[in-house]
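Chemist: my questions concern the predicted model and sequence given below.
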Amino acid sequence: MMLHGEGIRGVRPWIVTNEEDVWLTRKRGEETVYAFSDLTYGMEGIPAHAGCRFTLKSVKATPETQISVLSQDGGCEWSEDEHGLHITVSNIHTVQFIKTPPLPKNSDSELKRRPYVWGPDWPVAVKITHVQPVAQQPL
């Protein structure tokens, strides 16, 4: 919630719930969509230890569209063509996680502390502002 709460609290599903492995929500009453995707380590062409690339076919950009990663400074590389909205994320976080100190050996507490770690199994949340749904083609 600390990293992605903006894309979780007070949102509704987008016109589609997901596009393959990318899950989508929207802010109620706004033209903002949040896209949640898994990270991959060592992606070619990404200047960070982890990142991802995906294409959204249900989202259309406008001249005011801005795309950024929640909990991270700066935007994302993106482009749009007839195949969809293409987004490339470089995961350069401004949040640092620290390990919790171990419990003393003589502690009676059954509470087990785990260190916080950042890994590719944690999703990334992308904020896409000023967008519209892609018009459905007639059958």
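Modeler: Sure thing, it's come through. All values reported here derive from a predicted model rather than from experimental measurement.
Chemist: following the chain onward from the lowest-mean-pLDDT helix or strand in the chain, which element is next?
Modeler: Across the helices and strands of the chain, the lowest-confidence element by mean pLDDT, DSSP states H and E is strand 40-41, at a mean of 80. The helix or strand immediately downstream of strand 40-41 is strand 50-56, counting by DSSP states H and E.
Chemist: report the angle between the helix or strand just after that following strand and strand 50-56.
Modeler: As assigned by DSSP H and E, the chain's next helix or strand after strand 50-56 is strand 59-69. Interaxial angle of strand 59-69 relative to strand 50-56 (axes from the mean of the first three to the mean of the last three C-alpha atoms, to 10 degrees): 170 degrees.
Chemist: quick one: contacts of strand 59-69?
Modeler: 14, 24, 31, 33, 74-76, 78, 80, 84-85, 87, 89, 91, 124-134 (C-beta atoms under 8 Å, 6 or more residues apart in numbering). The way it works is simple: take the backbone N, C-alpha and C, and place the C-beta from them, glycine included.
Chemist: which neighbouring elements make contact with the helix or strand following it?
Modeler: Per DSSP H and E, strand 59-69 leads on to strand 77-81 as the next helix or strand towards the C-terminus. With contacts taken as 3 or more C-beta pairs under 8 Å, 6 or more residues apart in numbering; DSSP states H and E, strand 77-81 sits against strand 59-69, strand 84-90.
Chemist: output strand 77-81 as PDB, nothing but the C-alphas.
Modeler: Output in PDB follows, covering the C-alpha atoms of strand 77-81 (Å, rounded to 0.1, in the frame of the first residue of the first chain):
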ATOM      1  CA  GLU A  77       9.200   5.900 -22.200                       C
ATOM      2  CA  TRP A  78       6.100   5.400 -24.200                       C
ATOM      3  CA  SER A  79       4.700   5.700 -27.700                       C
ATOM      4  CA  GLU A  80       1.300   5.100 -29.400                       C
ATOM      5  CA  ASP A  81       0.500   3.600 -32.800                       C
END
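Chemist: got the contact list for that strand?
Modeler: So strand 77-81 is contacted by Lys60, Ala61, Ile67, Leu85, His86, Ile87, Thr88, Ser90 (C-beta under 8 Å, 6+ apart).
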